[in-house]
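Visitor: just a sequence and a predicted model for now, questions to come.
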Amino acid sequence: MPVRWYHILLVPSILTAQTNQPPSPAQTITPGDVMRRVSIIAHDSMLGRDNPSRGLELTAQYVASEFRRAGLLPGGDNGGYLQRFELRRWSIDPGGSAVELITLHTRQTLAVGSEARYVDGRVPNSPIRGNVVLLSGPLSAGKDLRNRIVLVVLDYSKPLPPSLGQDIYRLAGAGPAAVLLLSNRDSATFAQRLTTAAQSRLSRHTAAHEDSVAPILEVHQRTLGPLFADLGIDPDEIRQASRTVRKAVANVTTEVRLAVQVQSRAELPNVIGVLEGSDSALRHEYVVYSAHIDHIGLTPGQPDSINNGADDNASGVAGLLELAQAFSRPGARPRRSLLFLAPSAEEPGLLGSEHFTEHPTVPLKDIVADINMDLIGRNWPDSVIAVGLEQSDLGATLRQVVEAHPELRMTPIPDRWPEERIFYRSDHYNFARKGVPILFFTSGTHSDYHRPSDEPGLINGEKESRLVQLLFHLGRAVGDRTERPRWADESYRQIVERK
């Protein structure tokens, strides 16, 4: 085709338009911006963002200001970006706590702090009394355990199954009055556990009295010899038997008394911003991006005492803010709304996200997915652990997104350390147990984890920017698809808590 004069006139303007075309929203997520945000959040002036601390409050204010700058709607309480919840520091009061077992001929009282230790669960306002069910083998729930004191015979002289902790919590949440773990630990190990149990704990203000899990205590069998002899029970014989034991024990009742000492109370912040979806039919549903803002504070007695938490989790919060900024660009918002959640008190037990999922500022039934980020700035440059790949069809959506964006050179891989149980160790877990499908992204721990050496200079901003771009495309795909994400049946049965 011959070149005409008007073609010549148009060529410069076409080239100019192509050259000046703004980058796609995902491409606004850059290594420089990631590193700038990490350096702010993990600065020495934040003093490790402990729960509670001035540094944590400064971080919450910074995140809220960035949400406001990105044009997000306030998603917290009272028309603001913050959702406050109470955190209290407390310990078990040995003077008011004991486990008492009574038969026709014996009464044995185990002092909590020397012969028994509190593990977890609610602390009742009045003594718990009940008949005893002896249990060994699979720790399955059942109507026979409701309102009973369950005495679980464990053999600590052998390797314990990896799922034991989860099984005990599931058992304790299924209706017994209390769960007692009969221990045969050696004296030194048990004494060490007693010391740990006596340390103060952090929990939300309702946790000690209204936790849905029955109180769990470990009691040592060395002091119960006369009682077992009276009942004709040999715990060592039960441990060696191949068969399961599950039976009510006649002629014995148990009383559990627990009391707490409260050392302090504080109000902590979650930070929440909302970007309204573009589709009037779907904007009442939400895709959540989450990343916790807190860390572990100071470690006294070291030349550098500040645990800056650059990777844990300034990297995740930087990703959260980059996503909020990218989605605020014209034409970027998906059909569904996006909720950006920056909870605190993740480190002492996922307490901020627990509060949000129990007191959501949008209907929990309208949250279709949670995409959680925790430690995403280190380790392998071209891969990231994605927890939850097989739990729901979010895994299939992620694979499609990865295939559509090979330029990002980011490969999701399954959990490399299942023994670390990371599925239960970050904020996505509270969404999953409430029935919200999740994907959790982490690059895993390293030698600087929970140490002052977790510094901003060690973050790979180039790797993180590519990962966060991938998560932009993932959230866009989940937000635009007509169907809600769906659980795999078996994962739903195993994970989602029963009402």
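Guide: Alright, I've got the coordinates.

Visitor: tell me the domain ranges of this structure?
Guide: Recorded structural domains for the chain (assignment: automatic domain parsing) are 22-88+265-495, 94-258.

Visitor: lowest-confidence stretch among these?
Guide: Set side by side, the domains of the chain give their lowest mean pLDDT on domain 94-258, at a mean of 90.

Visitor: excluding sequence neighbours, find me the nearest residue to residue 249.
Guide: Counting by CB to CB, 6 or more residues apart in numbering, residue 132 is the residue found nearest to residue 249 once chain neighbours are left out, at 4.4 Å. To be clear about C-beta, it is placed using only N, CA and C from the backbone, and glycine gets the same treatment.

Visitor: contact partners for that neighbour?
Guide: Taking CB atoms under 8 Å, 6 or more residues apart in numbering as the contact definition, residue 132 lies against 101, 148, 149, 150, 151, 248, 249, 252, 253, 254.

Visitor: hey, what's the fifth one bridged with?
Guide: The reference is to residue 151. Under DSSP bridges, the beta-bridge partners of residue 151 are residue 134, residue 180.

Visitor: so it sits against residue 182, correct?
Guide: Yes: with the criterion set as CB atoms under 8 Å, residue 151 and residue 182 qualify as a contacting pair; they are 5.8 Å apart.

Visitor: deepest-packed of the domains of the chain, please.
Guide: Relative to the other members of these, domain 22-88+265-495 carries the highest mean neighbour count by mean count of other CB atoms under 10 Å, namely a mean of 20.

Visitor: let me see the contact set for residue 477.
Guide: Contacts of residue 477 by CB under 8 Å, 6+ apart are 397, 400, 401.

Visitor: actually residue 239, not the one I wrote
Guide: The neighbours of residue 239, taking CB under 8 Å, 6+ apart as the test, are 136, 153, 155, 184.

Visitor: next step: these restricted to strands.
Guide: Among the contacts of residue 239, the members falling in strands are 136, 153 (criterion: DSSP state E).

Visitor: how about JSON lines for the contacts of residue 239, with distance to residue 243 added?
Guide: Shown next, in JSON lines, are the contacts of residue 239 (distance: CB to CB, whole Å):
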{"residue": "136", "distance to residue 243": "9"}
{"residue": "153", "distance to residue 243": "12"}
{"residue": "155", "distance to residue 243": "14"}
{"residue": "184", "distance to residue 243": "19"}
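
Visitor: C-alpha coordinates for the longest helix seen in the chain, PDB please?
Guide: Longest helix in the chain by number of residues (criterion: DSSP state H): helix 461-480. Coordinates of each C-alpha in helix 461-480 appear next as PDB, following Å, rounded to 0.1, in the frame of the first residue of the first chain:
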ATOM      1  CA  GLY A 461      11.900  -5.900  46.400                       C
ATOM      2  CA  GLU A 462      12.100  -7.100  42.800                       C
ATOM      3  CA  LYS A 463      10.900 -10.600  43.700                       C
ATOM      4  CA  GLU A 464       8.100  -9.200  45.900                       C
ATOM      5  CA  SER A 465       6.900  -6.800  43.300                       C
ATOM      6  CA  ARG A 466       6.400  -9.600  40.800                       C
ATOM      7  CA  LEU A 467       4.600 -11.700  43.400                       C
ATOM      8  CA  VAL A 468       2.300  -8.800  44.300                       C
ATOM      9  CA  GLN A 469       1.500  -8.200  40.700                       C
ATOM     10  CA  LEU A 470       0.500 -11.900  40.400                       C
ATOM     11  CA  LEU A 471      -1.800 -11.400  43.400                       C
ATOM     12  CA  PHE A 472      -3.300  -8.400  41.700                       C
ATOM     13  CA  HIS A 473      -4.300 -10.500  38.800                       C
ATOM     14  CA  LEU A 474      -5.500 -13.300  41.100                       C
ATOM     15  CA  GLY A 475      -7.800 -10.900  43.000                       C
ATOM     16  CA  ARG A 476      -9.000  -9.400  39.800                       C
ATOM     17  CA  ALA A 477      -9.800 -12.900  38.500                       C
ATOM     18  CA  VAL A 478     -11.700 -13.900  41.700                       C
ATOM     19  CA  GLY A 479     -13.400 -10.600  41.800                       C
ATOM     20  CA  ASP A 480     -14.600 -10.900  38.200                       C
END
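
Visitor: which strands and helices sit next to the strand or helix carrying residue 203?
Guide: Here residue 203 sits within strand 201-204, counting by DSSP states H and E. Using 3 or more CB pairs under 8 Å, 6 or more residues apart in numbering; DSSP states H and E as the contact criterion, the elements in contact with strand 201-204 are strand 82-92, helix 351-358.

Visitor: one step back: against residue 236, how distant is the residue nearest to residue 249?
Guide: Separation of residue 132 from residue 236 (CB to CB, to the nearest Å): 18 Å.

Visitor: now swap in residue 313 and tell me
Guide: Separation of residue 313 from residue 236 (CB to CB): 46 Å.

Visitor: any idea how far the longest helix of the chain is from the middle of the chain?
Guide: The gap between where helix 461-480 is centred and where its chain is centred comes out at 21 Å by CA atoms, centre = their mean, to the nearest Å.

Visitor: next secondary structure after it?
Guide: helix 489-495.

Visitor: what sits up against that next one?
Guide: By CB under 8 Å, 6+ apart, the residues outside helix 489-495 that reach it are 390, 391, 392, 432, 433, 435.

Visitor: what do you get if the cut-off is 7 Å, keeping everything else the same?
Guide: Contacts made with helix 489-495 from outside it, assessed by CB atoms under 7 Å, 6 or more residues apart in numbering, are listed as 391, 392, 432, 433.

Visitor: can I get the residues you listed in a markdown table with distance to residue 305 and secondary structure?
Guide: Compiled in a markdown table, these are given as follows (distance: CB to CB, whole Å; DSSP: H, G, I helix; E, B strand; the rest coil):
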| residue | distance to residue 305 | secondary structure |
| --- | --- | --- |
| 391 | 40 | coil |
| 392 | 42 | strand |
| 432 | 35 | helix |
| 433 | 36 | helix |
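
Visitor: need the max-distance pair from the residues you listed.
Guide: Across the contacts of helix 489-495, the longest distance by CB to CB is 13.8 Å; it joins 392 and 433.

Visitor: one step back: please, which helix or strand holds the residue nearest to residue 249?
Guide: When secondary structure is defined using DSSP H and E, the element that contains residue 132 is strand 128-136.

Visitor: quick one: distance of stretch 402-421 to the chain centre.
Guide: Mean C-alpha position of stretch 402-421 versus that of the full chain (CA atoms, centre = their mean) differs by 19 Å.

Visitor: contacts for it, please.
Guide: Where contact means CB under 7 Å, 6+ apart, the residues beyond stretch 402-421 that reach it are 162, 382-387, 389, 398, 422, 444, 466-467, 469-470, 473.

Visitor: and which of those residues is nearest residue 91?
Guide: Where these are concerned, and distances follow CB to CB, residue 91 has its nearest neighbour in residue 422, at 27.7 Å.

Visitor: need phi/psi at the closest one.
Guide: Dihedral angles of residue 422 (phi, psi; degrees, to the nearest 10) stand at phi -70, psi -20.

Visitor: cool, and the one 3 residues further on?
Guide: Its backbone dihedrals place residue 425 at phi -120, psi 10, with angles given as degrees, to the nearest 10.

Visitor: likewise residue 288?
Guide: Backbone torsions for residue 288, taken as degrees, to the nearest 10, come to phi -100, psi 130.

Visitor: can you check residue 169 too?
Guide: Comment: the main-chain dihedrals of residue 169 come out as phi -70, psi -40, following degrees, to the nearest 10.

Visitor: need the contact list for it.
Guide: Taking CB under 7 Å, 6+ apart, we find residue 169 in contact with residue 213.

Visitor: distance check, it against residue 373.
Guide: From residue 169 across to residue 373, the span is 25 Å (CB to CB).

Visitor: what do you get for residue 186?
Guide: Residue 186 sits 41 Å away from residue 373 when distances are taken as CB to CB.
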